[in-house]
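J.: Sequence plus the predicted model coming up.
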Amino acid sequence: MSSRRYDTVSFLSDFGHGTDAVGIIKSIMRDLAPDVVVIDIAHDITPFDVRAASLALARAVPYLPEGIIITSVDPGAGGSRRVVAVEIAGGAGIVIGPDNGLIATGVALAGGADRAVVLDRDEHHLASPGATFAARDVMAPVAAALCRGVDLFAVGTEIDAATLLPSVVPIPREENGGLSCEVIWVDRFGNCQLNVSVDDLATVWGTAPERARVSWADNVRNLRITTSYADLGAGALGLVVDSTGLLSLSLDRASAARELGIGEGEGVLVTPSDEQGVTVPVTLRA
Amino acid sequence: MSSRRYDTVSFLSDFGHGTDAVGIIKSIMRDLAPDVVVIDIAHDITPFDVRAASLALARAVPYLPEGIIITSVDPGAGGSRRVVAVEIAGGAGIVIGPDNGLIATGVALAGGADRAVVLDRDEHHLASPGATFAARDVMAPVAAALCRGVDLFAVGTEIDAATLLPSVVPIPREENGGLSCEVIWVDRFGNCQLNVSVDDLATVWGTAPERARVSWADNVRNLRITTSYADLGAGALGLVVDSTGLLSLSLDRASAARELGIGEGEGVLVTPSDEQGVTVPVTLRA
Amino acid sequence: MSSRRYDTVSFLSDFGHGTDAVGIIKSIMRDLAPDVVVIDIAHDITPFDVRAASLALARAVPYLPEGIIITSVDPGAGGSRRVVAVEIAGGAGIVIGPDNGLIATGVALAGGADRAVVLDRDEHHLASPGATFAARDVMAPVAAALCRGVDLFAVGTEIDAATLLPSVVPIPREENGGLSCEVIWVDRFGNCQLNVSVDDLATVWGTAPERARVSWADNVRNLRITTSYADLGAGALGLVVDSTGLLSLSLDRASAARELGIGEGEGVLVTPSDEQGVTVPVTLRA
């Protein structure tokens, strides 16, 4: 029906840069939709880590240009899981990916699904010697077709977007007067992002705090909340409002994850600070 | 003679993304052939691993768009090995690279060489402070010249393509009623690709098998052959027909290479299965 | 004043490819300056390593196309360090980055600063939920504005380029009849680049040497100087004139850094060779 065309494809995967997988997708796009620009969101997502990809997509969505978004962290490739395409933002974008929880949060952040299809029209796929590379055989050629103006309903059968597998993004819970949180992302610099913002704390405590008491495993720390890593000062652990607005357990110019020995999935309790006291210097591990 | 022009350069190397090598090549292309699009095939090839690059090129060749292909895994840079350019597919592509076995398989898969030259015309090279970066000083400016319509015979002296160093890609051999194979690639997900397809097995055994007995080192396993990782089921090792049509020793959502402790070059014997029996669960290493 | 436009943005960072940071910058460029081509110089710079980024920029500068250069190794993001833009080469380029020593050497190599500003005009920045991602909120939108023809003085307040923080690039010193040098870069192949060229040696010794005596820690080696790794021969350590014209402690097809156990920052004394003797084979570590 629609003949909307797209000139940008954003592309997120766990393919890495050690093999030709990303290059093959771009080659197919270059062949089938030569004028389209492909933007790499990230490809070094940990293999099979659907949740990490889901969170990366969520962080990127507010910045992505109009166009198609190919997402492939797809351990079920070739199996029975569906490959879907979901139209968002009044047609400004179409997210393509496996229906395994990867895309749901991104779609929700973009305002929800307008239309959704399962990509079951073989005539838009590439013939291939093996079935395990849906990004190559299904997602890329379908993305090219959509860029060229083929309508969403021509590349697949309509499905109810409510049936898409939800993302597993944890929500903080009130507990013992605090918020029970989780480290949802450790970035390349070792910052440990929590699933909680200053606003979340303010909602529970009635006022935006300048400090908080943070507990995990056997540790309790009374930490200052700052807006930059440098403000923490050398060696001092703190909570930094990171670039997405969430709080990160961070050190200045050092990896908090390594120094504290914590990783993604670590449970963290954030409660009101009972002192205006000194930040506690981290004892660096030997 | 010819004035064929090209608008795409595909680029494969072991330069990684930690330094400016890939960026310098793209900068040169942008300067000398501004409208050309550069597609990265892969740059995190293991340093010096000519065979891995040769296999990556072979996997990518069926998908590469028309244009120039720069390949640089070139431990002999600056030394006596030749840098060559080989025209393929009736002029649809020209592969540039060191004559060290990297390009031969890719050229063969594309139907063989039409014309070949050694890149000995300095006027198409960049002057440089050191001789060890042929991709920068020779391959990139020559690729740009070819894109602009300079003929292959203007950038080098013709050579006999039969003198190109062959790639070292092992062929399976019949042995003890089976096929003696090799792990030729461990991908980012830990799948161990063998140099054998179901068709190869069918040719030897007279029928396409659904199971096979696989032996390596001190191990013997009776494995199911499937077309997706998910079909294997949790914890069960199997042989998956991968995206290139070859068989991979694989696990679902886990690294077979790590669990089995095997890597590229491991010898594997594949023989007919003598049971229709159960898949053997992998004992995960502690 | 000027309405010069740019169509290329080169981009250097320590963001890696594991998250969406690089993709977000490119998405912003695609939105705000759709026809601009972004060239990745490198993104796998070691986190926080301003000096490594400074050296990568210096190596790349001679090859970068006209345009904007975004540089982000910025541990002070969100804090009090300045973000600056420096015009170079008569307006052919503008380098954007934190004023932390990253850009000074690159600017100097390009002939010095023409004009410089601190990026303090909020109207060219993006609103954001957190202050720690200046590449996203400040550098990218300013780069887009400059590409579109906005003048440098419209995106910030003029500063004296002489106040920019200098890069910390060590200079070799004469010492005991030799040159006291340093390993300034270990590349992906394990070559250990020294901050010294054959010309530097010739200046001190009166003649360009073919050999040199190299000492570090408890080691002394009499090494041949060659122009390619292959010329060294298997297992022989030597000094290779690398692609930038500097001398590298290198092995053929093996990592000198790993075999010798040395890294960036290692002090090395280079003195005239007193023998025409044999190269000393490296004893490979167990």
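T.: Cool, got the structure. Just so you know, these numbers come straight off a predicted model, no measurement behind them.
J.: From now on I want contacts and neighbour counts done on CA atoms only, so please keep to that.
T.: OK.
J.: Name the nearest residue to A:Ala212, ignoring sequence neighbours.
T.: A:Ser273 (4.4 Å; CA to CA, 6 or more residues apart in numbering or on different chains).
J.: what about that neighbour, neighbour count?
T.: Per other CA atoms under 10 Å in any protein chain shown, the neighbour tally for A:Ser273 reads 17.
J.: now swap in A:Val138 and tell me
T.: With other CA under 10 Å as criterion, A:Val138 counts 24.
J.: next helix or strand past the helix or strand hosting A:Gln193?
T.: In the assignment (DSSP states H and E), A:Gln193 maps to strand A:192-197. The helix or strand immediately downstream of strand A:192-197 is helix A:198-205, counting by DSSP H and E.
J.: Can you name every helix or strand that that following helix contacts?
T.: Packing partners of helix A:198-205 (3 or more CA pairs under 8 Å, 6 or more residues apart in numbering or on different chains; DSSP states H and E): none among the helices and strands.
J.: by how many degrees do it and strand A:192-197 diverge?
T.: Here helix A:198-205 runs at 50 degrees with respect to strand A:192-197, directions being taken by axes from the mean of the first three to the mean of the last three CA atoms, to 10 degrees.
J.: What is the distance between helix A:198-205 and the centre of its chain?
T.: Distance of helix A:198-205 from the chain centroid (CA atoms, centre = their mean, to the nearest Å) equals 23 Å.
J.: Tell me the helix or strand right after that helix.
T.: Per DSSP H and E, helix A:198-205 leads on to strand A:211-216 as the next helix or strand towards the C-terminus.
J.: my guess is A:Ala77 contacts A:Ala131, does it?
T.: Yes - counting by CA atoms under 8 Å, A:Ala131 is a contact partner of A:Ala77 at 7.3 Å.
J.: list residues touching both of these two?
T.: Here A:Ala77 and A:Ala131 have B:Ser228 as joint contacts, going by CA atoms under 8 Å, 6 or more residues apart in numbering or on different chains.
J.: ok, the residue nearest to A:Ala212 to A:Glu210 distance?
T.: Counting by CA to CA, to the nearest Å, the separation of A:Ser273 from A:Glu210 is 9 Å.
J.: Repeat that for A:His124.
T.: 55 Å.
J.: Flag every buried residue along stretch A:30-41.
T.: Buried residues in stretch A:30-41, counted by 16 or more other CA atoms under 10 Å in any protein chain shown: A:30-34, A:36-41.
J.: Hmm, I typed the wrong one, I wanted stretch A:146-156.
T.: Buried, per 16+ other CA under 10 Å, within stretch A:146-156: A:146-148, A:150-156.
J.: now swap in stretch A:78-94 and tell me
T.: Buried residues in stretch A:78-94, counted by 16+ other CA under 10 Å: A:78-79, A:82-88, A:91, A:93-94.
J.: What is the neighbour count of whichever residue of the stretch 101-250 of chain A sits closest to chain B?
T.: Going by CA to the nearest CA, chain B is nearest to A:Gly130 of the stretch 101-250 of chain A, at 4.0 Å. Residues lying near A:Gly130 (other CA under 10 Å) number 19.
J.: Sweet, I'm off.
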